[in-house]
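Asker: I'll drop the sequence and a predicted model, then ask my questions.
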There are 2 protein chains.
Amino acid sequence: MTSENPPPSDLAERALGGANLPLLRGHNAAVLLGLLRAAGEGGVSRLELAERSGLTPQAVSKITARLREAGLATEAGRRASTGGKPRTVLRLVPGARYAIGLHLDRDESIAVLADLAGEPVAVRRAPLDLGAAADEVLAAAAAQVAEVRAAAPGAQVIGAGVACPGPLDHRTGVLHRVTGLPQWDGYPLRAALTERLGLPVVLDKDTNAAAHGLAQQAEGAESFGYLHLGTGLGAGLVLGGAVHRGARTGAGEFGHQVVQLDGPRCGCGKRGCIEALCLAAVAAGEPAEAARVLGVGAANLVELLDVDRVLLGGRTVLADPDTYVSGVAASLDGQLRAHGASGARTVPVEPAPGGARMVALGAAHLVLATLFASPRGGLGRARA
Amino acid sequence: MTSENPPPSDLAERALGGANLPLLRGHNAAVLLGLLRAAGEGGVSRLELAERSGLTPQAVSKITARLREAGLATEAGRRASTGGKPRTVLRLVPGARYAIGLHLDRDESIAVLADLAGEPVAVRRAPLDLGAAADEVLAAAAAQVAEVRAAAPGAQVIGAGVACPGPLDHRTGVLHRVTGLPQWDGYPLRAALTERLGLPVVLDKDTNAAAHGLAQQAEGAESFGYLHLGTGLGAGLVLGGAVHRGARTGAGEFGHQVVQLDGPRCGCGKRGCIEALCLAAVAAGEPAEAARVLGVGAANLVELLDVDRVLLGGRTVLADPDTYVSGVAASLDGQLRAHGASGARTVPVEPAPGGARMVALGAAHLVLATLFASPRGGLGRARA
DNA sequence: CCACTTAAGCAACGCTGTTGCCAAAGTGCA
DNA sequence: TGCACTTTGGCAACAGCGTTGCTTAAGTGG
């Protein structure tokens, strides 16, 4: 790769659609990088890359040669022979690039340094008062980022992904009214951090960052809903392999889905919101009832969007994972079975792996994603 | 266009991702065709196509020359001069290709012949008993298709889109248990019709076909929910310009969203489904209450997916559009305003245009869509 | 009538993936 | 040990894509 790829996902002021050769080149490079990442430490041979990408073996040879020249990939051993010359295995070079992930939560912040393979290289966790002055918060965040960068001196860091609670605009990087923290309303966090860190910054909701990270890890998880039960209740949606943010980054408002017409009033002003019902059950020490309600909401989500699975996370869930996972699964199954009749479909409910740093790692993945292409995206397949 | 484009959206046995030059060529041709269609009868100049696609003017000249050679586009007058040579206007040739749209409903079927511009050229409406034997239904459908084809003898028909109620698999073209019509369970309708009609066939749910058609018509309707209230209640979802079908074409099960925990039992076996509540209100002669409930469900959908607008259709709505549109709008607004606080966002609620033949026309659009590219899809924009 | 402006095609070009061919590097049997 | 065979993967030539530089076409306006 003698010249840099055009960034596959940019600000995208307007999607134009026309494609030219440099774009084609960058796209194919991103596709192969995506396949290399998916192969993990085991690696892939050139011919396997050709099969999976639809490119010819010769094209794969050329493109991987550029990737190796750029230091992004390397040869790593060879397969067993099947009667002829054994296949050479190619592997991603994890240390070729790094990305920062920063999770700014209400009372703490977590920063990670992730390598090209998406593995965390360094993690820093520190208390944070998101209600403090903006400059104070930015300084703390910058210091934390500097600490994780110190873990790999000289590393080529391509950007920082920042995950926050509450409504925000992913495209402009501006925060909206974070519940209970009015001082952040309208604050251009991405611009401020870009300047402070000297790095490209992407900003997203915490649930979206988590969902994005989970989408990279779970193998065939093309579509799922990630339900986050913590101080509030939110969701991240992955549809067709990509995070669905909606027209204004507002998608995923799962907590204020009404599941009880004219039910008890919620803090948001509506009645019968699932968040109000769930949190009331949690407060009353009835996690089983909370899980039942959550399962009904999950069933609504599954039926409306036809997702493959449901993942659960957040502090409340992490405190008692078995109760929630089995409770939600039972409730969800009951709903689907009642409805499904012959369909008899079951949707797996699982705890989201990764623990507390999952959101920060997902934020780092948001940055890394600019280098890779998911198999779904792009023009389609090359060969008829 | 000396050789045929590779079909941009095919069976897609597996999305591979790699792109080569023929694919690039077909993609750009599809992009320009999409822009030509969007321009309508007014047409577009080459330079405007270049701006909107991101391609260079010279590339647009070459590609449009191929399109003109293939008969898909033509020159149509010129713009007023701005001091130099006036721009030549290009326009789609509507009669260059046609597509069949077939809506098989429970008690009637509607067939349309649509031209390249998506306009209906012929419409046939006939009673149909979907409960009859498969051969009988197929014969009736084939006869109806022959009738609309007769309206344009010699027309080049590229395929037929077929819209059905109930669950089905869009990818394989197999019907699942259509409510109340068990004989269709597992029937490979697409394969049967492909053979019978001698045309490529795409099969989709009626609500998806409607949503797809509406997505082509409404200008900037990148994302919306189409709610269909007829004998049942369903939805078609358009997210990011494309119909969202989910992993198994099961998305859009809006009617059995639970909005009343432990509410009245629904025919599906669950409790408090929005369909049961709505239809009960309709049966009781209380359309205002039905609209209120529908509005709560619409608010759930809007908040979960962050769509731009809500469209209403279906027989029940068509019978009393004003009541439903204003009732749902009021209910939806109330929900969003209560929640939104400063956001104060309003989501327009509109009746779906097109009347009874809308689903059939949308089905025809499903076929035509294989020729066009939406501005969102593809690799991105060409020029930095 | 002529200078100027704008549109659009021609020709040469750089670069993409593709094709045909050959060297490299193994296996397995004689 | 040697040789036939299989498979991998690079080299070289190539067709075809959009791009660039330039020319021609077709208007306006003084």
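Answerer: Alright, I've got the coordinates. Residues are numbered from 1 along each chain as shown, chains lettered A, B, ... in the order given.
Asker: which positions in chain A make contact with DNA strand C?
Answerer: Counting by CB under 7 Å from any atom of the strand, chain A comes close to DNA strand C at A:21-22, A:24-25, A:28, A:55-56, A:58-59, A:62-63, A:81, A:83-86, A:382-383. (C-beta placed from N, C-alpha, C; glycine too.)
Asker: which stretch of helix or strand covers the residue sitting nearest the centre point of chain A?
Answerer: Computing the C-alpha centroid of chain A and ranking residues by CA atoms, centre = their mean puts residue A:212 first, at 1.4 Å. Using DSSP states H and E, residue A:212 sits within helix A:206-217.
Asker: mind giving me the packing neighbours of whichever helix or strand comes after that helix?
Answerer: Sequence-wise, the next helix or strand downstream of helix A:206-217 (DSSP H and E) is strand A:224-229. Counting contacts by 3 or more CB pairs under 8 Å, 6 or more residues apart in numbering or on different chains; DSSP states H and E, strand A:224-229 is packed against helix A:206-217, strand A:233-239, helix A:287-305, strand A:309-313, helix A:315-319.
Asker: nearest to chain B, out of the ones you listed?
Answerer: Nearest to chain B, of all those, is helix A:287-305, at 3.9 Å by CB to the nearest CB.
Asker: how far does that closest one sit from its chain's centre?
Answerer: Mean-position distance between helix A:287-305 and its chain equals 22 Å (CA atoms, centre = their mean, to the nearest Å).
Asker: does it come close to chain B?
Answerer: Yes. Helix A:287-305 reaches chain B (CB under 8 Å from any CB of the partner chain) through A:293, A:296, A:299-301, A:303-305.
Asker: between those, which is closest to residue A:202?
Answerer: Nearest to residue A:202 out of those is residue A:305 (CB to CB; 24.4 Å).
Asker: grab the nearest non-local neighbour of that closest one.
Answerer: Nearest residue to residue A:305 in three dimensions, chain neighbours excluded: residue B:251, at 5.3 Å (CB to CB, 6 or more residues apart in numbering or on different chains).
Asker: state the distance from the residue lying closest to residue A:313 once chain neighbours are set aside to DNA strand D.
Answerer: In space, and not counting its chain neighbours, residue A:313 is closest to residue A:352: 3.7 Å by CB to CB, 6+ apart. Using CB to the nearest atom of the strand, to the nearest Å, residue A:352 is found at 37 Å from DNA strand D.
Asker: now swap in residue A:164 and tell me
Answerer: In this view, residue A:164 and DNA strand D are 38 Å apart by CB to the nearest atom of the strand.
Asker: number of residues surrounding that residue?
Answerer: Applying other CB atoms under 10 Å in any protein chain shown, we find 23 residues neighbouring residue A:164.
Asker: contacts only, for it.
Answerer: Counting by CB atoms under 8 Å, 6 or more residues apart in numbering or on different chains, residue A:164 touches A:104, A:175, A:178, A:189, A:203-206.
Asker: flag whichever of the residues you listed scores worst on pLDDT.
Answerer: Here the lowest pLDDT out of the contacts of residue A:164 sits on residue A:178, with 74.
Asker: okay, now the residue in chain A positioned nearest to DNA strand D: neighbour count?
Answerer: DNA strand D sits closest to residue A:84 of chain A, with a gap of 1.9 Å, by CB to the nearest atom of the strand. Applying other CB under 10 Å, we find 6 residues neighbouring residue A:84.
Asker: you'd agree it is in a strand?
Answerer: No. Assignment of residue A:84 by DSSP: H, G, I helix; E, B strand; the rest coil gives coil, placing it outside any strand.
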